[in-house]
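1. Generate a structure from the sequence data that follows.
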Amino acid sequence: MVSVHNAYIIAKDSNTDYVQRTWPGFKGFVEDLVDDLTYGVQTRRQPSIMLQPHPGNQLHTLYTRPDGLYKVCNECSLQGKQKKTTTKMCNVCQAPIDVKCLQKHQERMLVG
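-> Sure thing, here's the model as predicted:
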């Protein structure tokens, strides 16, 4: 929106009379800009990104990260307790999960 406002200021400074006649206020300038940018654009019937089923419908298990990096456990972060680091990740969520937190993670995903 800052770019649009800057464009309005530049247009107003470069051709004051025309801009004041055509767009007495900023709102009219924005509306015309949106009309110009969307002219001829057709919407699709289906979204380009299809929604995936909720991960809770699948069994959440752990696998070892291929890069071997340690990440902070997602469940520990959510619980607000001391954060453990782990190389394990959930196969569905791709979230780092400590082995000891797997059961809590599975329960939370089934509820969610």
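2. what's the average pLDDT for stretch 62-79?
-> In this model, stretch 62-79 carries a mean pLDDT of 88.
3. What is the end-to-end distance of it?
-> For stretch 62-79, the first and last residues are 19 Å from each other (CA to CA, to the nearest Å).
4. what comes up buried for it?
-> Applying a neighbour-count criterion of 16 or more other CB atoms under 10 Å, one finds 62, 71, 73-76 buried in stretch 62-79. All C-beta atoms are positioned from the backbone trio N, CA, C, and that covers glycine.
5. Kindly indicate which of those residues lies nearest Arg108.
-> Proximity of the buried residues of stretch 62-79 to Arg108 (CB to CB) peaks at Glu75, which lies at 7.5 Å.
6. Helices along the protein, start to end?
-> 2-14, 16-22, 26-38, 74-79, 102-111 (DSSP state H).
7. hey, which of the ones you listed is tucked in deepest?
-> For these, the largest average neighbour count (mean count of other CB atoms under 10 Å) is found in helix 74-79, namely a mean of 17.
8. Let me know which of the helices of the chain is the nearest to Lys88.
-> helix 102-111 (8.1 Å).
9. which other residues reach that closest one?
-> With contacts defined as CB atoms under 8 Å, 6 or more residues apart in numbering, helix 102-111 is touched by 55-56, 59-62, 74-75, 78-79, 90, 92-93, 95, 97.
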